[in-house]
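> no sequence for this one, just the structure:
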C-alpha cells in the first residue's frame, strides 16, 4: 500500500494491552538478546539481522514493520527455528530455544501461502497437527469444535478447503495454527494475498482472535496501515536493525528518526533551530521566525540546527498569511471526500501538505494561487535524531 491518507487513531490497541497487562510491562514471552544473522561468508557475507535485542510480552500483538529486505521475515524465521542465529540468544519464557528445531518449540507459524491440504475438509485440516502430536481423539474433536467456533466456521466444517474462499482459507490456517495452543503465534504477512476489503475484515478478525486466545502474536508486514490498526506495539526495522519500538500512537505521533517518520504516514520535514531545551521537549525557531514547542525523542538533548516533522493533519491552512507559523503559495487542492489536502509551496522548505477534515457547512474558499498561512500548534512538531 502507499502512504496513509488518514491518521489511524480511532482505536489504540496498545492502550488496551496496557490495561490488560496491568502496568503495561507484562511478563516476557520472547526475548532476543544481541541476535544477528549472517548469510554467506567472506566478501559475499550479508548481515540480514544486526545485533537485535527486544523483549516481546506475553498476550501482546507485536508487529515487525519495515520495507522488503529489512530483516523482519528473517527475524521471524529465527524465532520459529527455520533459521539459526549467527550470534545471540532467543529465549522463550527465560529458556534459550536458539538450538532447538522448529518442532521442539511451542511456536506455530502462519505463512503467506496457507499450505492447507486441499483434499481434506476444514475440520480435518484443523485436526491434522493435533493428530500428529498423538492427542486423544476426544481431545482432538473438542479442540476442533472450539477452533471452528472461534473462527466462525462451524457451518463449513465438512467442506474441502479447495471449495472455500481465500478469506475462509485464511481462517482455517489460523485455526490449525492455534489448535495446539502454542505459546507464540508467528504470522508472516498472512493477509497479503487478500483483496483490500477482505484484508480489512481479517485485520479485525486477527485482533479478535488474539484478544480471545491470549496468545502472543508476532506479526510481520510492510503495510503501515495494518501495523497501526492491529498492534499493541510496533518495531520499525531497516537494514537489519530495529530503529524504534512503541505503541501505534507513539510511532505515529513521536517518530524518533526520519526513516520512521517518512515510512509511516505522510510527513512534512522542516529545518529549525533549537532556542532552548524544555522539560519535556524543546523550543524551536522555524525559518519563518515563528517559535514553537516541539517533542523530542527520549534521551536526546537537541541543540543547534535540527530537522522536525509535522504531520499534515496537525496543521491548518488560514487565509491570512501573517496569521500562520509558515506562509506560502497554494499550488494544489486535492479533495478526498473525508478530507482535503492543501499543497503549499514555502519560500524556504519546499512543499508543505496540510490535511483538513471536510465538514458540511464549513467548506473553505481557498483557490490555487492564493497566498496563505499555515497554523501549527505548540507540540505538533517532533524533533528527529537525524
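It's in. Since the model is a prediction, treat every value here as computed from it, not as a measurement.
> From residue 236, how far off is residue 29?
Separation of residue 29 from residue 236 (C-beta to C-beta, to the nearest Å): 20 Å. The C-beta positions use only the backbone N, C-alpha and C, and glycine is treated the same way.
> Those two: who's more crowded?
Taking other C-beta atoms under 10 Å, residue 29 and residue 236 do not tie; residue 236 has more neighbours (27 against 21).
> element containing the more buried one, please.
Using DSSP states H and E, residue 236 sits in strand 233-238.
> ditto for residue 306
Taking DSSP H and E as the definition, residue 306 sits inside strand 305-310.
> Need the residues that contact that strand.
Residues from elsewhere that reach strand 305-310 (C-beta atoms under 8 Å, 6 or more residues apart in numbering): 255, 258, 261, 267-274, 284, 294, 352, 376, 380-384, 386.
> Can you flag the buried ones in those?
255, 258, 261, 267-268, 270, 272, 274, 284, 294, 352, 376, 380-384 (16 or more other C-beta atoms under 10 Å).
> Filter those down to the ones in helices?
With DSSP state H as the criterion, helices contain 258, 261 from among these.
> hang on, the earlier thing: so which bits of the strand holding residue 306 are buried?
Buried, per 16+ other C-beta under 10 Å, within strand 305-310: 306-310.
> again with stretch 162-172
164, 167-172.
> next one: stretch 95-110
Residues 97-98, 100, 105, 107-110 are the ones in stretch 95-110 that count as buried (16+ other C-beta under 10 Å).
> biggest separation within the residues you listed, which pair?
Longest distance between any two of those is 22.2 Å, between 98 and 110; criterion C-beta to C-beta.
> Kindly indicate which of the buried residues of stretch 95-110 lies nearest residue 76.
Distances from residue 76 to the buried residues of stretch 95-110, taken by C-beta to C-beta, are shortest for residue 109, at 7.6 Å.
> ok, for that closest one, nearest residue in space, not its chain neighbours?
Excluding the flanking residues, the one nearest residue 109 by C-beta to C-beta, 6 or more residues apart in numbering is residue 186, at 4.4 Å.
> Please, which helix or strand holds the one you found?
Taking DSSP H and E as the definition, residue 186 sits inside strand 184-188.
> Does anything pack onto that strand? Which helices or strands?
Contacts defined by 3 or more C-beta pairs under 8 Å, 6 or more residues apart in numbering; DSSP states H and E place strand 184-188 against helix 72-80, strand 107-110, strand 216-221.
> Put together TSV for these, with mean pLDDT and distance to residue 139 on each row.
Shown next, in TSV, are the helices and strands packed on strand 184-188 (pLDDT from 0 to 100; distance: least, C-beta to C-beta, whole Å):
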stretch	mean pLDDT	distance to residue 139
helix 72-80	95	25
strand 107-110	90	17
strand 216-221	95	23
